[in-house]
Structures are given as C-alpha cells and as structure tokens.
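S.K.: Build me a model from this:
(2 chains)
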Amino acid sequence: MIETLAATFREEAFEILNELETSLLELNAAPENMELIDRIFRALHTIKGSGGMAGLTDVAAFAHEVETIFVGVRSGEIVVTTELINLTLQSGDQLKKMIETTGSTLKKHLGKVDGLVSALRHLSGAAASRDSAVTVQEELPPESDDDLATYRIRFQLTPDIFAHGVNPLYLLRELKELGDCQVVAQVEAIPDLEAFDAESCYLWWDVILTTNQGRNAIEDVFIFVSDSCQLQIEVVEAEWIERSDDKRLGEILMERGDISSEDLVAVLAEHKRIGEILVAKQLASAGEVAAALLEQGQVKSQREARQNREALNSVRVKSEKLDALVNLIGELVTVQARLSQLVGSTESADLMTVSEELERLTWDLRDQVLTIRMLPIGATFNKFKRLVHDLSQELGKNVQIVTDGAETELDKTVIERLNDPLLHLIRNAVDDGIEAPEVRRQKNKPEVGTVWLSAAHVGASVLIVVRDDGQGIDRAAVRRKAESVGLLTIGAEISDRDLLRLTLAPGFSTAREITEVSGRGVGMDVVKRAIDALRGELEITSKAGEGTTFTIKLPLTLAIIDGLLVQIGVENYILPLSAVVECLELRSSQTAGALRNIVNVRDKIIPYVRLRDEFSVAGEPPEIEQVVIADIGGEQLGFVVDTVVGEHQTVIKNLGSLYHDVKGISGATILGDGRVALILDPPALQQLALTRERVVIGSSSSPSLDGRGLGGG
Amino acid sequence: MKTHGVAAGEMLTLQWSGDLTIRRIAELKAQVEQALTTAKNISIEIAPDAESDMTVLQLLCAAHRTAARQEKTLQLCGEIPEKFKRVMNLAGFSRHIGCARDKTGCCMWKLVHQQLDEQTSARGAATN
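M.R.: Alright, predicted model coming up:
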C-alpha cells in the first residue's frame, strides 16, 4: 500500500515541483504578488503533506522547512529576495532528487539538505521584520475538484477539557489543514471574573470549512475528543453555491436556528444593518452574526472559485497507456486498410458499406487519440525560464526570457525530443548572443537582454521561434571559419542564407571559437540533426547588432503521417507527403547519355536521386519512370521511382536499434496487404547524395550547397 | 518570564511575557482581579515572545466584561505581537462586532481586527 502511495506521490510531486519552479521564477519579477506566494506555499504544503502520507518522511521534513519560510513570507515577516528565490529553487531541485532516490541512496543527499536547511533558517532569522497583516484565511484549499463542499461545523467541548490536556487550538489547526477555513469563537458564555474558573472552557466554535476531503475527514479531527464534544456538521446547500446571488445574513441565521422568522421580520422593518440590530437586541450574539457573515463570504468566494475551475476538469492517465493506445490504433488502421483492399475485390455492396463505415470510424478514432497525446508546450518553456535565470546569473548578464504560445499543443514525443535542441539554442542565445551589460550600454541597447521563445500553429505544423536581441551572427567570422575548415572555397560566392546555414554543418562546430564566431555553430549540427529527426526544418536569420532568429517548423505528430506510396521493383517505399511538391514522368530517352542527374521542370533545373541505385534494387527500370519532386528546407530534389501508387496513411514503426545507423530511412510501416514499406528520410537522402558528390568531384571544385547537379550513378 | 504591573495615576499597565498558558492562568487571573480592585483603567501589554493559548483569550474576555460592568476599561496596548495575533486568529477571536456587553465599542478583539484591516489596506495601497 505504502509503495503505491509513494509511486502516486512521485508522479504528482514532479508536476507540483515544476509548478513551484515556475511560480518562483515569476515571483522574481513580482515579489509582492500574493497570489504567487500562495501558490508556492500550497505547492510546498502539498509536497509536505502527501510526502508524509507516502512514508517519505525526509521529503516531508525538508518541505516543512521550506514551507516555514513561506509562512513568514505570507504573513509579511520575510521579504522576498533573490537569495530567497534562489535558495527555494535549489530546495525544489533537492526535493526532486530526494523523491527520485529512495532507501540507502537517499542518505547521500542529506548533507546537501542540511546545508540548505541552515541557509533557509539563517534567511528566516535574518529577515527584516516588518508590519504585517495576519491573513484571516491561513490555509487555502488544495487544488479544487468536484468533491469540494462547504461545511458548517459547530462544536462545543466539555468545560473540563483543558484539564484533560486537550488544546482546542490543535483541533482548529487540523481543520484548517483540510481546506479553506474560517473560525469564530463563541464567547457569550464567558462569565465575569468572579464566576470565572480560569481552567474551564466556556467557549464553543462555529467553523466554515470548504474542503474536498469529505465529512469523514472532519469527523476524524474530533475522534480523540468524541466523548467530550458536541459536534454538528452540516453541508451548506449546494444549490446556494450554484445560485447567482448571495444569501442574506438573516436567511443564514434562520437556517442555523440562531433566530426565528418573527425576529427577522421585526428587525428588517427597522431598515438598519441587520447584524448590528440583532446583536443590540440580543436576538443573536455577536459571535453568531460573525459566523453567519463568514459563511456568506466563504460561499461567495467558493462560487467564484467554482466558476474559475470549470475549465480545469481533467483526468490523469499514464503516458504509457496513451502510447499503447496509439500503437493499437496503428494496428487498427493497418487492419482496416487490409480489409478495404479485400473488400475492393469482392462484389458485395453490403460488405463495401460496412467497410467504408469502419474506415470512417477508424480515422475519427485515430484523430481523437492523436489529440489526446497532444500536450501544451508550456511545461518545456518553463524549464527554459529557469535555464535563462541560472545562466544569466552565472555569466553576470542581465537576460530575461519572454515566452508566447505556451498553450500551443504538440505531440508528447515531439515535445520530449524538442527539449535538447531548444536548450542548445537558448543557451547559445544567452551565452553568446546577448552581450555583457556594459557592452549593451555602449551600444545604446537596453541593459536587459531578451530571449523570445514562442510557439504557434501554422496549418498542420508548429512554428517554434527562438529569438534574441544580441549581437547577431558575424558573417565575416563565419566565412573565415568555413574557409578554414574547408566548407567553403576561399573567396567563393555564397548567398547570405547559405552562409548562415553553414553554421549548421558538422565540421563547423568542432572548435568553440566564441570570440570570433559569436559562439553560433557550437553544437548547431546537433540541433540540426535533432530537428531533422523530428522531420522538421530549421531556418536562421540574423542582423548584425540586432540579434538572431531561429525558426523551427515541426509536424504536429510523429505517430502517423500522410505518405506517398511508391514502388521500385517489388519494393515499397513511403515519402512524407508534406515534403512532396509534384510527380513527373521521366522517360529513358531523357536520361540516356546525360552526365548529370538533372531534370528540367518548367525551365528550372532540379537534381534527382535514383532510389533504385540508392537502395541497390535489382532489375531493370521501366521505360517510363516517375520523379517525385520533394522540397527539403527550401531546396528541391527529385527521387526517381518506378511507379507512384498513391497517398497512404502511414503508421510509423521504429526500425529498432540494429538499423539505427542506416541512413536515408526513418522507419517502416505495414501496408494493407501485410507487406512492409520503408519510410524515406528526404533530408538524409539529400545529405547522402551531396556527400557522394563531394567524393566524386573531389576537392578541386567547391561543392554546391544546394545540391544542384548531382553526379550520375 | 515577566509579569508585573506599572501604576501611573489611574492607569495600570500589566506587562505579560513568557508563558501565558493554562500553566499560569490562575496566577494571571489573580493579577487582573487585583488590578481591577486598584485601578480604573487597565492596559495589558503582551511581549512578542509570549506563549499563549485558549485560556488566556478567555481570561481577557472575562476581564474585559468585568471591567465594563464596573465602568472601568481594560484593553490590550501597544503593538499586538504577531505570535499572539496568530493564536487569536486560529482560535477564532478576531471579529467585526463586539459582544452585547460591549457598550462603549471597546471590545479588544474588534479593535485588533480593525488594526489588522487597516494594516491590510495600507499594504494594499502600498502595492497598488
């Protein structure tokens, strides 16, 4: 049981800690924002509570230390400083590590914990005390859900309760831990000093509690005093919470049985504030009126909270389950295609109808499931906020990150695999793009450098833009570097776009000469490869002195693509349809005697690759072949195949680690008849052809960067 | 621990610090009773480090009522310590309206509540 609890806790804790990190970074910019402070407090409080329940006492104890600081921050005793934020960020990291590790390995973290705890305690001790208002609402409820209810709790303890060692403050504290709680002590029974026994309890309490823990949790609080306690628990009517107007004070007091309807009518006739009149006439005590007023306020705030919550209904599902579901859909799509093929060869109209219906349902189901896998990219963005915060401190720079489109949804796998390239781009932007504060001052630029990170849907793709307002890419330095490593012939003409693209070449990034090359190109080939693997495109623009922009265009999903099925001999291949521009016929007469593999399309010369040669497919090509023209990062390249079969919904299957190094193939798919088709990777094929071209031509001439005029096979 | 009274004319100030819980509540009650026999106006100053519980809150209420009946005043004076305010809030003593016997509007819980409200709005104004 405890293991299950711990596993559930771990899963939730990481989400909470990520939220904690985001809130802390936001708090850095707005240290007075009480909402953020509350959010941070709640995150720490939840980690503490659920960690303790899951048996991770070290985690709970450490979270408690950090939480204590934020109790001080909430009450205004401790001022939010950068030091506090940094320490809390480190504590969050530490909590993550502690949650990840268990058993004996946990011990090695304890030294670090001690250090952080003493730093935190030092901070709370050293914090400047300042005037503060005690928050009447000491605890906010845990993340609300549909079970949230408001309870009216009234309890009275026997007069001798203090003598039994019971401290009612503990009961009230426990109630407060259940949710949003307001307490009114009813003091009417306290006598004058002459009759007052200082060790007797004369009080009773009205508590308004909004919680999702249920009535049992409330009763549990009183379990140890059940013999010495009169307890009433009532749910405040749900329909009132749903009502648009506020219930009047008189109604609440009548409902509680504190006043009669006759009292109410008589008092209302006086046209004064009802609470004051009732107290003055001793029809209700001040405490009773205060409790009713609190109930009124609490229900009002609960109603508002419920309205805010409406959009947040969600279900937590393990991602493995989703992956399994997508795999099953993949199988279903394949079987359905097979069925369609079989039905096509029969004469049965009924069977045909059923098959078409099944096809429609299958595609709907596929679309729905793929939508479920979509996640907002915001969580990844938040990681980069932390990165920029840490890096700028480390480098002594002043850099802010501005994000946009965090709600943009992308396939879960794409988001995961996008992490590294984005990390690289942002690190480069902060490290090498943004200038030091004094340099920026000299250039009349704002001292605070900015890195923009945005995401947006454009058609069936997602555009992710990383932009900085730094020094931009130094073209002359790029050229020098490219010439020195043999990527460019000395003095060769090259377009600006191609020059910038040189920074993505593998050879470019072997040395880190940041003083000369603005640091761009360091590991940029890694970024390029990662984007290619996602079937994405990377574009660079840069203005000297103004900054650099990287634009990444990505497909929405990696699980299923629209493909173009082609055949060479008996082999089947799939080309991603998104890359395909057009298909043309290629007659053998056109190619006979040609020195280079080029085709003239409406007066435009386009190079092509013979896939039959590329994949060493045996047999003779037909008289009329097909050229599939593909657009690869703005360049056009033809792929020559025997026949073009047509469009094909392609469920991508990985080839497995044995085929990891095979270039030009990104995966495989199963066709309707059960045969396997390989999925082609156009950028990799282009790269292969270019490499072969360089070998053929040798180093005597400059290799063409746009792949024009690939040598014949 | 410090618990002593300072008389100044008709005003007597009790300075309470240290343990203000059930352990010493009988002694504190005796002090208040004594003060009410000797002075017309009593103020109680609670030290920032004082430990309090429900019994002292009750005692203050009882003392205040007795003073009101005798047409005397009894109030908390000086800045109310954070620690005390926390206990007061947790126990549910902070309120808008004084009790029925509070004819002069000097309910100490109401006054502390007003003080808190003022601080909250001052903080709000400072951040706006």
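S.K.: where does chain B dip in pLDDT?
M.R.: Applying pLDDT under 70 to chain B flags residues B:1-9, B:95-106, B:111-128.
S.K.: got the contact list for the nearest residue to A:Ser578 once chain neighbours are set aside?
M.R.: In this structure, A:Ser578 finds its nearest non-sequential neighbour in A:Pro555, 6.6 Å apart by C-beta to C-beta, 6 or more residues apart in numbering or on different chains. The C-beta positions use only the backbone N, C-alpha and C, and glycine is treated the same way. By C-beta atoms under 8 Å, 6 or more residues apart in numbering or on different chains, the contact list for A:Pro555 reads A:Val414, A:Ala460, A:Ser461, A:Val462, A:Leu534, A:Arg535, A:Gly536, A:Ile561, A:Ser578.
S.K.: Pick the one among these closest to A:Gln341.
M.R.: Distance to A:Gln341 across these (C-beta to C-beta) is lowest for A:Ile561, with 20.0 Å.
S.K.: give me the number of residues near the closest one?
M.R.: A:Ile561 has 24 neighbours, counted by other C-beta atoms under 10 Å in any protein chain shown.
S.K.: Could you do B:Arg23 as well?
M.R.: Neighbours of B:Arg23 using other C-beta under 10 Å come to 11.
S.K.: Next one: it from chain A, what distance?
M.R.: Distance of B:Arg23 to chain A, given as C-beta to the nearest C-beta, to the nearest Å: 10 Å.
S.K.: can you confirm that residue is in a helix?
M.R.: Yes - remark: B:Arg23 belongs to a helix, assigned using DSSP: H, G, I helix; E, B strand; the rest coil.
S.K.: looking at chain A, which residue lies furthest from center?
M.R.: Distance from the centre of chain A peaks at A:Glu194, with 65.3 Å (C-alpha atoms, centre = their mean).
S.K.: Strands of chain B, start to end?
M.R.: B:3-8, B:11-16, B:19-20, B:41-46, B:51-52, B:73-76 (DSSP state E).
S.K.: So is the third one next to chain A?
M.R.: No - judged by C-beta under 8 Å from any C-beta of the partner chain, strand B:19-20 and chain A are separated, with a smallest distance of 11.5 Å.
S.K.: helices and strands around that strand, which ones?
M.R.: If you count contacts as 3 or more C-beta pairs under 8 Å, 6 or more residues apart in numbering or on different chains; DSSP states H and E, strand B:19-20 packs onto strand B:51-52.
S.K.: Note down every partner strand of the strand it packs on and its orientation.
M.R.: According to DSSP bridges, strand B:51-52 has the following sheet partners: strand B:19-20 (parallel).
S.K.: Show the contacting residues for the residue in chain B that chain A sits nearest to.
M.R.: Nearest to chain A in chain B, going by C-beta to the nearest C-beta, is B:Gly92, at a distance of 3.3 Å. Applying C-beta under 8 Å, 6+ apart to B:Gly92 gives the contacts A:Leu172, A:Gln182, A:Val183, A:Val184, A:Ala185, A:Trp205, A:Asp206, A:Val207.
S.K.: can you tell me which of those are up against chain B?
M.R.: A:Leu172, A:Gln182, A:Val183, A:Val184, A:Ala185, A:Trp205, A:Asp206, A:Val207.
S.K.: now B:Leu12, nearest residue through space, not along the chain?
M.R.: Per C-beta to C-beta, 6+ apart, closest to B:Leu12 is B:Ala39, 3.6 Å.
S.K.: and if you look at B:Arg69?
M.R.: Distance criterion C-beta to C-beta, 6+ apart; nearest residue to B:Arg69, sequence neighbours excluded, is A:Asp192 at 6.2 Å.
S.K.: what's around that neighbour, how many residues?
M.R.: 16.
S.K.: Equivalent analysis for B:Cys77, please.
M.R.: 15.
S.K.: separation between the residue nearest to it when sequence neighbours are not counted and B:Arg65?
M.R.: Leaving aside its chain neighbours, B:Cys77 sits nearest to B:Ser43 (3.8 Å; criterion: C-beta to C-beta, 6+ apart). Using C-beta to C-beta, to the nearest Å, we find B:Ser43 at a distance of 16 Å from B:Arg65.
S.K.: cool, and A:Leu655?
M.R.: Where B:Arg65 is concerned, A:Leu655 sits at a distance of 86 Å (C-beta to C-beta).
S.K.: Ok, A:Ile252 next?
M.R.: From A:Ile252 to B:Arg65 the distance is 27 Å (C-beta to C-beta).
S.K.: Include distance to A:Arg587 and mean neighbour count when you put the strands of chain B into TSV, please.
M.R.: Formatted as TSV, the strands of chain B follow (distance: least, C-beta to C-beta, whole Å; neighbours: other C-beta atoms under 10 Å in any protein chain shown):
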stretch	distance to A:Arg587	mean neighbour count
strand B:3-8	111	12
strand B:11-16	106	19
strand B:19-20	103	22
strand B:41-46	102	20
strand B:51-52	99	18
strand B:73-76	103	20
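S.K.: Can I get those in a markdown table including distance to A:Gly396?
M.R.: What follows is those, written out as a markdown table (distance: least, C-beta to C-beta, whole Å):
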| stretch | distance to A:Gly396 |
| --- | --- |
| strand B:3-8 | 56 |
| strand B:11-16 | 52 |
| strand B:19-20 | 52 |
| strand B:41-46 | 48 |
| strand B:51-52 | 47 |
| strand B:73-76 | 51 |
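S.K.: Thank you kindly, that will do.
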